[in-house]
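# A structural model of the following input is requested.
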Amino acid sequence: MPVLRIHFSGDDIARTRVAPAADPLWELILSVHLFQTRTRDPIVAGWRGEVARALRQEARGTFQMLFALNPTRGYFPDFLTPYASVDGLEAGLDAIRSTPVGQLDRDLSRLAADSELPSGAAGVAGGDSDALHHLTAAMRRYDGLAITPYRARLQAAVEADRTRRARALLDGGAEGLLASYRPVMRWDGRVLEVPDYPADRDLHLNGRGLLLVPSFFCARTPVGLLDPELPPVLVYPVDRLGGILPGSGDGGAVQARPGGGRGALGALLGQTRAAVLAAVHDGCSTGELARRLGISPAAASQHATVLRDAGLLVSHRDRNTVLHTLTPLGRAMLSGH
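Residues are numbered from 1 along each chain as shown. Predicted coordinates for the structure are as follows:
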């Protein structure tokens with residue numbers, strides 16, 4: 001089975017960090033891949049159905065190049081996910097339009113070896129300004145249809161993951177952070193292994209550290225850039241539970257009646273479960289929940305289970321610890337809007 005092996009020095013471990021949010025271009029590109037792939041995941045299936053209806057309203061050929069450059073499996077061009085997109089979508093699109101011609105040609109030559117490309121790809125490979133502007137305009141339009149309506153929900157899933165990673169870092173340092181990614185990745189103290197990678201590869205960080213980027217649309221296997229000279233980035237999947245659902249664009253966010261507040265929440269859930277929801281606002285384990293509320297661990301676990309079954313909490317087990325975080329619905333109920 002092919003494996004990606006990422007080799008760390010002591011400096012690399014110290015310089016490894018988790019991105020503060022999902023990267024807009026990585027989410028865009030990975031969502032294009034996921035859109036073209038059949039899945040049994042009801043969350044993704046619902047999103048795909050809504051997006052398919054939106055894309056059908058666009059002019060024929062609007063997204064042809066974007067989809068052609070992103071096959072469902074195998075290589076896709078590194079230049080589509082520039083490091084500059086950490087500063088936002090527009091910064092990333094500017095970087096795509098400014099990609100050196102040599103990189104464009106190299107990336108598309110690699111892609112053409114395995115995929116048939118439309119005739120317009122020659123203009124992109126040659127750095128033609130009109131071709132690149134047409135591509136980035138399509139990317140911006142796709143983002144507006146497929147990502148923007150769901151962005152708050154996607155970020156909620158990412159924030160829940162970051163809470164887990166922050167806890168792992170606090171409890172075990174950088175070593176604990178890297179170990180927290182099992183079973184998707186394996187950490188042995190010097191090498192981070194990504195099993196079932198498309199190709200067998202070794203990446204030496206050479207003191208640059210690694211940026212770990214949480215992603216809602218990353219399918220199953222973490223993914224990085226092919227070019228070892230580019231800044232080291234590894235995009236990994238987050239738990240989608242509590243993210244988008246059919247009809248759950250931001251326009252469908254839960255609205256609370258003005259003046260409801262915590263008292264109304266207590267009347268709805270009961271005072272103890274309302275207190276549990278409030279205690280979990282920044283993430284906590286079952287033991288911490290019990291200590292915060294002065295109840296037994298068994299009672300804390302029971303209340304968390306009820307709230308989880310109602311879709312208000314997400315729980316993740318790491319060895320003997322269960323960490324609870326709010327879903328978008330739970331956060332909306334807690335904040336009263």
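
# Run through the helices of this protein in chain order.
10-14, 24-35, 42-55, 64-68, 89-97, 101-112, 121-125, 129-146, 151-179, 261-269, 271-279, 286-293, 297-309, 328-335 (DSSP state H).

# Arg151 and Val86, how far apart?
To Val86, Arg151 is 16 Å away according to C-beta to C-beta, to the nearest Å. C-beta coordinates here come from the backbone N, C-alpha and C atoms, glycine included.

# ugh, typo on my part, it should be Gly189
28 Å.

# Same drill for those two, tell me which one is more crowded.
Val86 (19 against 10; other C-beta atoms under 10 Å).

# and that one, what pLDDT?
Here, the pLDDT recorded for Val86 equals 89.

# give me phi/psi at the closest residue to it other than its chain neighbours?
Setting aside the residues directly before and after it, Val86 is nearest to Asp23 in space (C-beta to C-beta, 6 or more residues apart in numbering), at 6.3 Å. Torsion angles at Asp23 (phi, psi; degrees, to the nearest 10) stand at phi -80, psi 130.

# how does the protein divide up, domain by domain?
Domain ranges of the chain: 3-20+152-237, 24-151, 254-335, per automatic domain parsing.

# Just give me the lowest mean pLDDT stretch among those domains.
domain 254-335 has the lowest average pLDDT among the domains of the chain, namely a mean of 77.

# who touches the nearest residue to Phe67 once chain neighbours are set aside in this structure?
Excluding the flanking residues, the one nearest Phe67 by C-beta to C-beta, 6+ apart is Val32, at 6.3 Å. Counting by C-beta atoms under 8 Å, 6 or more residues apart in numbering, Val32 makes contact with 66-67, 70, 142.

# count of neighbours near the residue nearest to Val86?
For Asp23, the count of nearby residues is 24 (other C-beta under 10 Å).

# I'd say it and Asp87 touch.
No - with contact defined as C-beta atoms under 8 Å, Asp23 and Asp87 do not form a contacting pair (10.1 Å).

# just to revisit the earlier point, columns distance to Asp227 on top of the helices of the chain, output as a markdown table?
What follows is those, written out as a markdown table (distance: least, C-beta to C-beta, whole Å):
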| stretch | distance to Asp227 |
| --- | --- |
| helix 10-14 | 18 |
| helix 24-35 | 15 |
| helix 42-55 | 29 |
| helix 64-68 | 21 |
| helix 89-97 | 14 |
| helix 101-112 | 8 |
| helix 121-125 | 16 |
| helix 129-146 | 19 |
| helix 151-179 | 23 |
| helix 261-269 | 51 |
| helix 271-279 | 46 |
| helix 286-293 | 43 |
| helix 297-309 | 42 |
| helix 328-335 | 36 |
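
# Pick the most deeply packed of the ones you listed.
helix 24-35 (a mean of 23; mean count of other C-beta atoms under 10 Å).

# can you tell me how far the closest residue to Arg240 other than its chain neighbours sits from Glu50?
Excluding the flanking residues, the one nearest Arg240 by C-beta to C-beta, 6+ apart is Ile43, at 4.9 Å. To Glu50, Ile43 is 12 Å away according to C-beta to C-beta.

# With Met139 instead?
Taking C-beta to C-beta, one finds Met139 at 19 Å from Glu50.

# ok, now Asp130?
Asp130 is 31 Å from Glu50, by C-beta to C-beta.

# Test my guess that Asp143 contacts Ile29.
No - Asp143 is beyond contact range of Ile29, at 10.4 Å (criterion: C-beta under 8 Å).

# Between those two, which contacts overlap?
Joint contacts of Asp143 and Ile29 (C-beta under 8 Å, 6+ apart) do not exist.

# Now Leu212: closest residue in space that isn't a chain neighbour?
Spatial nearest neighbour of Leu212, chain neighbours left out: Val18 (4.9 Å); criterion: C-beta to C-beta, 6+ apart.

# Now do the same contact list for the one you found.
162, 165-166, 177, 212-214.

# Please repeat the previous calculation with a cut-off of 7 Å.
By C-beta atoms under 7 Å, 6 or more residues apart in numbering, Val18 lies in contact with 162, 165, 212, 214.

# Then Pro71?
Taking C-beta under 7 Å, 6+ apart as the test, what Pro71 contacts is Ser115.

# Phi first, then psi, for it.
phi -60, psi 160.

# Please enumerate residues in contact with stretch 1-17?
Contacts for stretch 1-17 (C-beta under 7 Å, 6+ apart): 174, 190-205, 207-212, 224, 234.

# Quick check: which of the helices of the chain is nearest to Arg319?
Closest to Arg319 of the helices of the chain is helix 151-179 (C-beta to C-beta; 10.0 Å).

# and that closest one, what does it pack onto?
When contacts are defined as 3 or more C-beta pairs under 7 Å, 6 or more residues apart in numbering; DSSP states H and E, helix 151-179 packs onto strand 211-215, strand 321-326, helix 328-335.

# residues touching Val238, list them.
157-158, 161, 214-216.

# Fine, thanks again, bye for now.
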